[in-house]
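Asks: coordinates for the following, if possible.
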Amino acid sequence: MRDPGNLGTIIRLCDWFGVKELVCSKETVDCYNSKVIQATMGSITRVNVSYLDLERFLKIADVPVFGAYMDGVNVYKSDLPQKGIRVMGNEANGISNRIEKHITQRISIPRFGALQATESLNVAAATAVLLSEFKRS
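Replies: The predicted structure is shown next:
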C-alpha cells in the first residue's frame, strides 16, 4: 500500500476494532509519514505497526490466513474464527502471487447494487467491512 491516507485509515480502523498488531510489507508507505499520522487521528499510539517480509511471516503463521479477493467466498456466509490473519492487497494489483500461496481462505465482500458496475472498494473501506465481520462473528 502506497497511499498514506489508506494506511492511516487502516491503523485507525485497527484501533477501533481492537486489533493491536498490524503487519505491513516492506513496500508499504512509512507509518510515520505525516499524512499517515494525520489520518490515524492518534491511533498510531495504540497499534503496533511492523514492517516484515510477509512471505516469511505467513509461512510460519499458526492461524488461518484470509485473503480479500473479488472472487472469494462471501464473507457474510463464512464461518469466521476469532483469530486469523487478514491480508489486504494492493488496490491496483491485488494480493501478489508470492503471498497468495499462503492464503488458506479467499473471502470477498459481495456487491449489492442493482447494476454491479463498481469495479472494487477502496482498500480502507474493504478493511472496515472485513474487520467488522470478523468482530461480529
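
Asks: and after the strand ranked longest in the chain, which helix or strand comes next?
Replies: Criterion DSSP state E: the longest strand present in the chain is strand 65-74. Per DSSP states H and E, the first helix or strand lying C-terminal to strand 65-74 is strand 85-87.

Asks: what's in contact with that next one?
Replies: Residues outside strand 85-87 that contact it (C-beta atoms under 8 Å, 6 or more residues apart in numbering): 23, 54, 58, 61, 63-68, 95, 99, 103, 127, 130-131, 134. Glycine gets a C-beta too; all of them are placed from N, C-alpha and C.

Asks: cool, stretch 24-34 as well?
Replies: 1-4, 7, 11, 36-37, 44, 49-54.

Asks: quick revisit: tell me which strands the longest strand of the chain pairs with, and in which orientation.
Replies: strand 85-87 (parallel), strand 105-108 (parallel) (DSSP bridges).

Asks: rounded mean pLDDT for the next helix or strand after the last one, please.
Replies: Later in the chain than strand 105-108, the nearest helix or strand by DSSP H and E is helix 123-136. pLDDT averaged over helix 123-136 equals 96, rounded to a whole number.

Asks: name the element residue 12 belongs to?
Replies: Residue 12 belongs to helix 4-16, assigned by DSSP H and E.

Asks: contacts only, for the most centrally placed residue in the chain.
Replies: The centre of the chain sits closest to residue 88, judged by C-alpha atoms, centre = their mean, with a distance of 3.6 Å. By C-beta under 8 Å, 6+ apart, the contact list for residue 88 reads 1, 10, 68, 95, 123, 126-127, 130.
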